[in-house]
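Enquirer: here is a sequence together with a model predicted from it:
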Amino acid sequence: MLVLVFIGIGFFFLVCGAAVFLACLPWARTRKYALSAAFWCAMWGSCVCGLMTLAGLGLLATALASRHGDNTDMYVTNLISTFGRDT
């Protein structure tokens, strides 16, 4: 179901890009911006899907990291000392 939401969002922005392209064609002053405006709309669809994927992965990582309620097994001090900053 979530894949269909991503496909729907991408398709919506592609249709918006096509509509912007067709809306810019009749006037000579906007004709030179038609293709770039259509690409701008089309890129927003993939960017929104990418941001939603990153947000979902962030929520999943937070849920997995705090699953046990005790985060003392996360060795942050070893990670800091690995980079040469001993505390």
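Expert: Here it is on my side, so go on.
Enquirer: which intervals of this structure have sub-threshold pLDDT?
Expert: For the chain, residues meeting the criterion pLDDT under 70 lie at 68-87.
Enquirer: now the strands for it?
Expert: Counting by DSSP state E, no segments of the chain form strands.
Enquirer: nearest the middle, which residue of it would you pick?
Expert: Computing the C-alpha centroid of the chain and ranking residues by C-alpha atoms, centre = their mean puts Leu51 first, at 2.0 Å.
Enquirer: what's the single longest helix in the protein?
Expert: Among the elements of the chain assigned as helix by DSSP state H, the one spanning the most residues is helix 34-65.
Enquirer: so what does it touch, helix or strand wise?
Expert: For helix 34-65, the helices and strands in contact under the criterion 3 or more C-beta pairs under 8 Å, 6 or more residues apart in numbering; DSSP states H and E are helix 2-24. All C-beta atoms are positioned from the backbone trio N, CA, C, and that covers glycine.
Enquirer: from the contact counts, what lies against the helix it packs on?
Expert: helix 34-65.
Enquirer: now do the buried residues in the helix it packs on.
Expert: 34, 38, 41-42, 44-45, 49 (16 or more other C-beta atoms under 10 Å).
Enquirer: tell me the angle it makes with helix 2-24.
Expert: In terms of direction (axes from the mean of the first three to the mean of the last three C-alpha atoms, to 10 degrees), helix 34-65 departs from helix 2-24 by 160 degrees.
Enquirer: tell me the gap between helix 34-65 and the middle of its chain.
Expert: Helix 34-65 sits 2 Å away from the centroid of its parent chain (C-alpha atoms, centre = their mean, to the nearest Å).
Enquirer: same question for stretch 1-11.
Expert: Remark: stretch 1-11 is offset 13 Å from the chain centroid, using C-alpha atoms, centre = their mean.
Enquirer: make JSON lines out of the buried residues of helix 34-65 and add distance to Gly56.
Expert: Formatted as JSON lines, the entries for those read as follows, by distance: C-beta to C-beta, whole Å:
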{"residue": "Ala34", "distance to Gly56": "34"}
{"residue": "Ala38", "distance to Gly56": "28"}
{"residue": "Cys41", "distance to Gly56": "24"}
{"residue": "Ala42", "distance to Gly56": "22"}
{"residue": "Trp44", "distance to Gly56": "18"}
{"residue": "Gly45", "distance to Gly56": "17"}
{"residue": "Cys49", "distance to Gly56": "11"}
